[in-house]
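Engineer: have a look; sequence and predicted model below, questions after that.
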Amino acid sequence: MEGYIWNFNAVLPYKDAIVSGAAVTLQITLLSIVIGTILGLLLCLARMSRNGALSTLALCAGEVFRNLPVLVVLIWAFYALPSFGMRLSAFDAAVAGIALNLAAFSSEIFRAGINSVPKGQREASLALGLSEFQSMREIVLPQALRVIVPPLSGRYIETIKLTSLASVIAVNELVHVGGNIISLTYRPLEAYTAVALVYFVMITPLVFVLRKLEGDKWQTA
C-alpha cells in the first residue's frame with residue numbers, strides 16, 4: 001500500500017483487549033497441550049497394544065485427526081455436535097479440536113521414541129520382575145524422551161499458532177480481538193502488526209526454553 005500512513009495511536013486504546021485476547025490464547029494453548037499430550041500417550045499405548053481391536057481403533061482415530069484440517073474439526077465440533085446432543089462452548093470446541101490434532105501427531109512421536117529403545121531392555125526388565133507399566137515408566141520412557149522431546153517441542157509451538165483458528169468460531173482470542181479492533185478503527189495493518197508482535201513475544205520464550213531443555217537435559221543425559 002504505497003503512501004500508507006501508519007498510525008498505531010488508533011490501536012493503543014485497545015491494549016487491554018489485546019492483553020485479554022493473549023490470555024485466552026495462552027489458556028487454549030496450555031489446555032490443548034496438557035490434554036493433547038496425555039491423549040497422545042494413551043493413543044500411542046493403545047496403538048502398540050497386543051489387542052488387535054484396540055490397536056486398530058487407535059490407528060483409525062490417529063489417522064482421522066492427523067488428516068483432517070484443524071479448522072474443519074473446530075467448525076464441526078462447534079456446529080455439528082449439537083445435532084447429536086453434545087453442545088460445546090466455542091472455547092471448549094477450540095480446545096477439543098486443537099488437543100485432538102496434537103494427540104494424533106504426538107502419538108506417532110511417542111511411538112517413534114518408544115520404538116527407538118532396544119526391545120531387549122524391555123524384555124530384560126520384565127524378566128527381572130517389573131510390570132509392563134513399571135518397565136515403560138522406569139526403563140523405556142526415560143530413554144525414549146531423547147527422541148521424543150525435539151519433535152514434540154515443535155508440535156507445542158505449532159499449537160500456539162493453531163489457536164488463531166479459534167477466531168472462526170468466535171472465541172475471543174488474539175486474532176479475533178484483532179478483527180474486532182479493525183472493525184472499530186479501520187486500521188488493519190496496525191491491528192494485525194500488534195497481534196503479530198504479541199504472538200512473537202509469547203512464542204519466543206517458549207522456543208528458548210524448549211531448546212534449552214533439549215540441549216541441557218536430553219542431549220547430555
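Structural biologist: Arrived safely, thanks for sending. Numbers count the residues shown, from 1 in each chain.

Engineer: V209: how many residues sit nearby?
Structural biologist: 11 (other CB atoms under 10 Å). C-betas here are computed from N, CA, C, even on glycine.

Engineer: same deal with G120?
Structural biologist: 8.

Engineer: roughly how far apart are it and E138?
Structural biologist: Distance of G120 to E138, computed by CB to CB, to the nearest Å: 16 Å.

Engineer: remind me, longest helix of the chain?
Structural biologist: Counting residues, the longest helix found in the chain (DSSP state H) is helix 15-47.

Engineer: quick check: A170 touching V177?
Structural biologist: No. Using CB atoms under 8 Å, A170 is not in contact with V177; the gap is 11.3 Å.

Engineer: so those two - more neighbours on which side?
Structural biologist: The residue with more neighbours, out of A170 and V177, is V177; 24 against 13, by other CB under 10 Å.

Engineer: and for that one, nearest residue in space, chain neighbours not counted?
Structural biologist: Computed as CB to CB, 6 or more residues apart in numbering, the closest residue to V177 that is not its neighbour in sequence is G21, at 3.3 Å.

Engineer: assess the claim that the one you found and N172 are in contact.
Structural biologist: Yes. G21 lies in contact with N172 (CB under 8 Å); the separation is 6.2 Å.

Engineer: those two: which is more packed in?
Structural biologist: Legend: neighbour count by other CB under 10 Å for G21 and N172, higher for G21 (25 against 18).

Engineer: tell me the contacts of the more buried one?
Structural biologist: 172-178 (CB atoms under 8 Å, 6 or more residues apart in numbering).

Engineer: could you do S55 as well?
Structural biologist: Listed by CB under 8 Å, 6+ apart, the contact set of S55 reads 46-49.

Engineer: one more pass at 10 Å, please.
Structural biologist: 45-49 (CB atoms under 10 Å, 6 or more residues apart in numbering).

Engineer: of the residues you listed, just say which sits nearest to Y79.
Structural biologist: Distance to Y79, by CB to CB, is smallest for A46 among the contacts of S55, at 28.9 Å.

Engineer: now that closest one. Nearest residue, chain neighbours left out?
Structural biologist: Per CB to CB, 6+ apart, closest to A46 is A58, 3.7 Å.

Engineer: buried stuff in whichever strand or helix holds that neighbour?
Structural biologist: Here A58 sits within helix 52-67, counting by DSSP states H and E. Using 16 or more other CB atoms under 10 Å as the burial criterion, the residues of helix 52-67 that qualify are 58, 61-62, 65.

Engineer: mind giving me the packing neighbours of the next helix-or-strand element following that helix?
Structural biologist: Remark: after helix 52-67, the chain's next helix or strand is helix 70-75, criterion DSSP H and E. Here helix 70-75 touches helix 90-115, helix 141-162, going by 3 or more CB pairs under 10 Å, 6 or more residues apart in numbering; DSSP states H and E.
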